[in-house]
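Colleague: could you look at this predicted model? Sequence included:
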Amino acid sequence: MAALISARSVIVCRDGRPVLTEADLSLEPLERLAVVGPNGAGKTTLLRALVGLELLSSGGIEAFGEACRGEAGFRKARRRIGFLFQDSDDQLFCPTVLEDVSFGPLNLGLTRAESAERAGKTLAELGLSHLADRLTHKLSGGEKRLVCLAGLLAMGPDVLLLDEPTNGVDAENGARLEDALRAFEGAMILVSHDDAFVSRLATRGMLLRDGRLEPAVIHTHAHRHGHPHMHPRNEN
Ligand SMILES: Nc1ncnc2c1ncn2[C@@H]1O[C@H](COP(=O)(O)OP(=O)(O)OP(=O)(O)O)[C@@H](O)[C@H]1O
């Protein structure tokens with residue numbers, strides 16, 4: 001099966017220092033690929049590189065069967081990719097929730113009425129209709145996160161890139177978020193330090209270490225606290 005998104009030998013430097021050094025990745029249809037790794041390993045940088053927000057020193061990105069070169073190449077791919085930022089405040093910018101969630105569909109060419117209808121429907125599917133008229137900047141951290149996700153889902157993406165989606169999200173909103181991701185019919189890359197969330201949702205794992213991605217096994221192991229762990233494959 002053809003990959004939806006692939007990265008080949010990607011090198012990205014930050015302040016002259018390599019963060020990604022020959023990173024390879026391939027996201028297949030229907031996959032929920034978890035990318036884990038320590039703080040500062042380059043996980044956010046990797047997601048940003050996949051949508052053309054990082055300058056590659058070398059290597060290439062393909063999305064939906066086409067090599068992405070330059071801003072124009074990525075712009076086309078970005079219409080099919082929803083990127084949930086680590087910080088919701090970087091993502092929300094309209095005054096009200098309904099306006100914010102309508103913004104994506106509006107940008108895709110739907111009319112104002114159609115966009116509002118799509119936004120209302122998406123909020124309802126996520127159990128967030130009660131937030132529609134609220135001011136985005138007054139939402140709680142967890143509510144902001146879900147509204148950001150609603151904004152992405154309202155655009156009908158084929159792929160979601162999720163940077164720490166459960167950060168600061170309480171149990172109830174976390175369950176909503178997880179249900180929504182489980183119901184999403186596309187593929188996704190999940191960057192997360194939330195092992196329990198990853199172990200419940202991911203279908204495959206990769207570990208970002210020393211700038212490279214290596215296969216990792218996601219599993220829950222019998223442990224006094226019963227928490228899941230993720231190891232590189234060769235350590236199992
Ligand atoms: N704007 C920037 N300018 C320079 N260096 C940066 C910038 N953003 C990140 N870095 C550096 O790049 C490296 C990778 O950062 P990145 O945010 O991709 O890591 P991460 O794996 O997502 O970390 P975390 O788990 O803490 O979110 C880090 O050393 C970080 O300090």
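Modeller: Looks like it arrived, so ask away.

Colleague: contacts and neighbour counts: CA atoms only from here.
Modeller: Fine.

Colleague: so residue 32 touches residue 204, yeah?
Modeller: Yes - applying CA atoms under 8 Å, one finds residue 32 in contact with residue 204, separated by 6.5 Å.

Colleague: higher neighbour count, those two?
Modeller: Per other CA atoms under 10 Å, whichever of residue 32 and residue 204 has more neighbours is residue 32, with 24 against 18.

Colleague: if I pick that one, what's in contact with it?
Modeller: Residues near residue 32 by CA atoms under 8 Å, 6 or more residues apart in numbering: 187-190, 201-204.

Colleague: ok, which residues in the protein are in contact with the ligand?
Modeller: 14-15, 19, 38-45 (CA under 6 Å from any ligand atom).

Colleague: and residue 177, what does it touch?
Modeller: 126, 146, 166.

Colleague: same thing with residue 49?
Modeller: Neighbours of residue 49 in contact, by CA under 8 Å, 6+ apart: 55-56.

Colleague: let me see the mean pLDDT of the strand or helix carrying it.
Modeller: Applying DSSP states H and E as the criterion places residue 49 in helix 43-50. Averaging pLDDT along helix 43-50 yields 96.

Colleague: now it, how far from the chain's geometric center?
Modeller: Counting by CA atoms, centre = their mean, to the nearest Å, helix 43-50 is centred 10 Å from the centre of its parent chain.

Colleague: buried set for that helix?
Modeller: 43-50 (16 or more other CA atoms under 10 Å).

Colleague: and if you look at stretch 103-114?
Modeller: Neighbour counts over stretch 103-114 (16+ other CA under 10 Å) mark 103-106 as buried.

Colleague: and which of these is nearest the ligand?
Modeller: The ligand has its nearest neighbour among those in residue 104, at 25.1 Å by CA to the nearest ligand atom.

Colleague: ok so that closest one is a helix residue?
Modeller: Yes - assignment of residue 104 by DSSP: H, G, I helix; E, B strand; the rest coil places it within a helix.

Colleague: looking at the nearest residue to it once chain neighbours are set aside now. What's its pLDDT?
Modeller: For residue 104, ignoring the flanking residues on the chain, the nearest one in space by CA to CA, 6 or more residues apart in numbering is residue 155 at 5.7 Å. Note on residue 155: pLDDT of 96.
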